[in-house]
Each structure stands twice: as structure tokens, then as C-alpha cells.
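>>> the following block contains a protein sequence and its predicted model.
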Amino acid sequence: MFRRKRYHSMFHEKKQIVTPELLREVFSWLFYTVLAAFVAFVLVIAFGKQVKVIGDSMEEALYNGKTVLVDRIIYKFMAPSRGDVIVFLPNGNEKSHFYVKRVVAVPGETVQIKDGVLYIDGEPAPNDGEYDKMEEAGIAENEISLGSGEFFVLGDNRNSSEDSRSANIGVVKSSTIEGKAWFFFGKGEGGSGFVN
């Protein structure tokens with residue numbers, strides 16, 4: 001009889017364990033779990049796009065075969081700036097691979113390449129001396145005026161780059177831009193890090 005009462009009281013005590021404090025803690029954990037899942041979902045939507053760098057046109061910033069994470073949200077709130085590394089489909093061609101290039105001129109500016117030097121609005125481009133002189137001016141041999149939503153892009157390795165100088169790419173329209181390259185990773189040269 002004594003043993004039965006002891007078990008009965010232990011069972012009764014276990015029933016008493018579910019307290020308001022415990023319920024609050026369970027709901028708190030549930031809330032934060034749902035919140036974390038939501039934030040993760042938003043981050044995947046925003047930054048989930050990954051593209052491979054193809055070729056050596058962006059060396060030494062980005063090497064062939066590196067994977068680049070793309071911020072697909074930023075250009076919904078602001079336009080690309082000079083110096084941004086963007087990811088785009090040339091002429092919006094869905095059958096093409098994504099191109100990764102640096103913006104060198106923005107809407108409202110004029111672009112021309114003379115004697116291997118990039119000119120913007122008739123003046124040598126800032127920081128142009130950091131890059132090799134261009135052997136080919138392509139369509140930028142003649143002055144190009146950039147309209148609304150048009151950008152001129154070049155690879156950092158300018159003599160090994162298919163970019164806005166090529167007639168089959170030309171100026172990049174904002175409607176064809178997938179987003180801004182912000183982080184790279186992968187095996188081999190260059191390691192991983194933020195795109196600058």
C-alpha cells in the first residue's frame with residue numbers, strides 16, 4: 001500500500017511539472033525557431049544565387065572557377081555604382097552563362113577608349129592606371145553615350161575580357177542585371193572573401 005501511494009504521488013508530481021513558466025519557455029523557443037527559419041528563407045531568396053566565374057577576365061579580383069554569391073536585392077533599391085562587380089546575362093539571353101564584370105561608367109556618362117585608355121566624359125577614368133592598357137577598343141573606339149538604365153562594364157583583366165567593348169554584349173541594361181557580386185569562394189588561387 002505504501003509503495004502504491006509513493007508511485008501515485010510521483011505520478012501526481014510529474015503532472016504538476018507543466019507550469020506556465022515552462023509553457024512560456026516552449027513558446028519562446030518555438031517563436032525563435034520560426035523566426036530563424038523565416039530569416040534563413042529571406043537570406044536564401046536575397047543571396048541564394050550562385051554563379052561560377054568563367055575565364056580569367058576578372059583576375060586578380062576573381063579567378064576562373066570561383067563561385068560568386070549574388071545579392072539580388074540591392075539593385076531593387078539603388079542603381080549600380082562605378083566600381084561595382086555585377087552579374088548579368090548579356091542582352092538578357094537566358095541561354096547564355098552569367099557574366100561577371102566591373103561597372104566603369106553609369107547612365108548619363110559618355111565612354112570612349114583611345115590609345116588603350118578609358119575616357120569618361122572626355123577625361124581619363126579614375127583608377128584606370130591600375131589596369132593594363134587595352135589593346136582593343138571595340139565598339140568604344142567611337143564615343144558611346146549611356147542612356148537611362150545603361151552601364152558600361154569591363155573585366156579587370158582587360159586584354160582577356162569579353163565585355164561592353166564587344167558588339168555582342170555592348171552596354172548592359174539594368175533589366176539584364178541579376179545582382180551585385182558580394183562574396184566568392186572555391187578551391188585554388190585567390191581563396192575566398194568579399195568582392196571588392
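Yes, it's here. What you see is a predicted model, and the numbers here were worked out from it, not measured in a lab.

>>> next up, the contacts around residue 157.
56, 57, 58, 59, 60, 132 (CB atoms under 8 Å, 6 or more residues apart in numbering). Quick note: C-beta positions are derived from backbone N, CA and C, even for glycine.

>>> and the two most separated of the residues you listed?
Using CB to CB, the contacts of residue 157 reach their maximum pairwise distance at 58 and 132, which is 13.5 Å.

>>> more neighbours: which of those two?
Using other CB atoms under 10 Å as the criterion, residue 58 and residue 132 rank with residue 58 on top: 28 against 11.

>>> of the contacts of residue 157, which one scores lowest on pLDDT?
Lowest pLDDT of the contacts of residue 157: residue 60, 85.

>>> which residue, other than its chain neighbours, is closest to that residue?
Of all residues not flanking residue 60 in the chain, residue 156 sits nearest, at 6.9 Å (CB to CB, 6 or more residues apart in numbering).

>>> how much space separates the one you found from residue 102?
6 Å (CB to CB, to the nearest Å).

>>> quick check: neighbours shared by those two?
Joint contacts of residue 156 and residue 102 (CB under 8 Å, 6+ apart) are 58, 61.

>>> more neighbours, the two?
Neighbours per residue (other CB under 10 Å) separate residue 156 from residue 102, with residue 102 holding more: 24 against 19.

>>> and that one, what are its bridge partners?
Under DSSP bridges, the beta-bridge partners of residue 102 are residue 85, residue 154.

>>> quick check, pLDDT for it.
pLDDT, residue 102: 96.

>>> spatially nearest residue to residue 195 (excluding sequence neighbours)?
Using CB to CB, 6+ apart, the closest residue to residue 195 is residue 181 (4.5 Å).

>>> ok, now which ones touch that neighbour?
Taking CB under 8 Å, 6+ apart, we find residue 181 in contact with 62, 68, 69, 70, 71, 85, 86, 87, 100, 195.

>>> quick one: which of those has the most company?
Ranking those using other CB under 10 Å puts residue 100 first, with 27 neighbours.

>>> can you tell me the element it falls in?
strand 99-105 (DSSP states H and E).

>>> CA-only coordinates of that strand in CSV, if you can.
The C-alpha trace of strand 99-105 is given here as CSV (Å, rounded to 0.1, in the frame of the first residue of the first chain):
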residue,chain,number,x,y,z
TYR,A,99,28.9,37.3,-66.9
VAL,A,100,30.7,38.9,-64.0
LYS,A,101,32.2,42.3,-64.8
ARG,A,102,33.0,45.7,-63.2
VAL,A,103,30.9,48.8,-63.9
VAL,A,104,33.1,51.6,-65.2
ALA,A,105,30.5,54.0,-66.4
